[in-house]
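Novice: Give me coordinates for this.
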Amino acid sequence: MNTGTIQRTEGFIYLALFALTIPLANWMIGNVGTVCYPDGPCVIPVWPGITAPSGVLAVGFALVLRDLVQRRLGVKWAMGAIVVGAALSGFVAAPALVVASVVAFLFAESADLAVFTPLQKRGLITAVVASSFVGLVVDSVLFLWLAFGSLDFLTGQVMGKVWAVVVSIPLIWLIRRWDMQRGLVAA
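Specialist: Model prediction:
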């Protein structure tokens, strides 16, 4: 297999995972948690005494996966995956939750893209961490406000997504190292 085929194949794997994280996050919010509030989210602990809607972990990974999709397939594929993921969400969550999720995700992923694109030339890990942080803050504020009319879970939302990004860093490091060994990238 040539390097272009390898990059596209890996890109489509990241693309599928990324598109699935959006409906997964929406499904988790209504179905998975240590506590499920009536007419509210199911929450999980993200730190002692701090909880967040359970979809937070899937969204944290989504921010990282979007960067990998862009790196392998380009911006258009990453934006297309956002649309597909949003459409899939309609099958697993209430319409109001889907709308809040989609709006927040579109803004967050656009902010992530704006930070990742110029930084990726300076280093993959730096670009992923910086862009994910920007995206997770935007996503958290918009989603909580639109879905629940409150920022009560903001600290937990941010912390949960940060955990997902931190857990992803060793994988990003391995991907970068593997790319360098195969001659796909210089840094």
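Novice: Just give me the residue closest to the centre of this protein.
Specialist: Ala62 (2.1 Å; C-alpha atoms, centre = their mean).
Novice: who does the host helix or strand of it touch, helix- and strand-wise?
Specialist: Here Ala62, judged by DSSP states H and E, is contained in helix 56-73. Of the remaining helices and strands, those touching helix 56-73 by 3 or more C-beta pairs under 8 Å, 6 or more residues apart in numbering; DSSP states H and E are helix 3-31, strand 42-47, helix 75-89, helix 95-119, helix 124-148, helix 154-181. All C-beta spots, glycine's among them, are computed from the backbone N, C-alpha and C.
Novice: Could you tell me the least trusted of these?
Specialist: In terms of average pLDDT, helix 75-89 trails the rest of the helices and strands packed on helix 56-73, at a mean of 80.
Novice: Show me what counts as buried in that helix.
Specialist: Across helix 75-89, burial judged by 16 or more other C-beta atoms under 10 Å covers 77-79, 81-82, 84-86, 88-89.
Novice: cool, stretch 103-112 as well?
Specialist: 103-109, 111-112.
Novice: Can you add distance to Ile175 and give those residues back as a markdown table?
Specialist: Converted to a markdown table, these look like this (distance: C-beta to C-beta, whole Å):
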| residue | distance to Ile175 |
| --- | --- |
| Val103 | 30 |
| Ala104 | 27 |
| Phe105 | 23 |
| Leu106 | 26 |
| Phe107 | 26 |
| Ala108 | 22 |
| Glu109 | 20 |
| Ala111 | 22 |
| Asp112 | 17 |
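Novice: Please identify which of those is nearest to Tyr37.
Specialist: Ala104 (19.2 Å; C-beta to C-beta).
Novice: Just list the residues touching that closest one, thanks.
Specialist: The contact partners of Ala104, by C-beta atoms under 8 Å, 6 or more residues apart in numbering, come to 138-143, 146-147.
Novice: just curious, which of those is nearest to Val162?
Specialist: Ser140 (10.2 Å).
Novice: For the closest one, which non-adjacent residue is spatially closest?
Specialist: Gln157 (3.8 Å; C-beta to C-beta, 6 or more residues apart in numbering).
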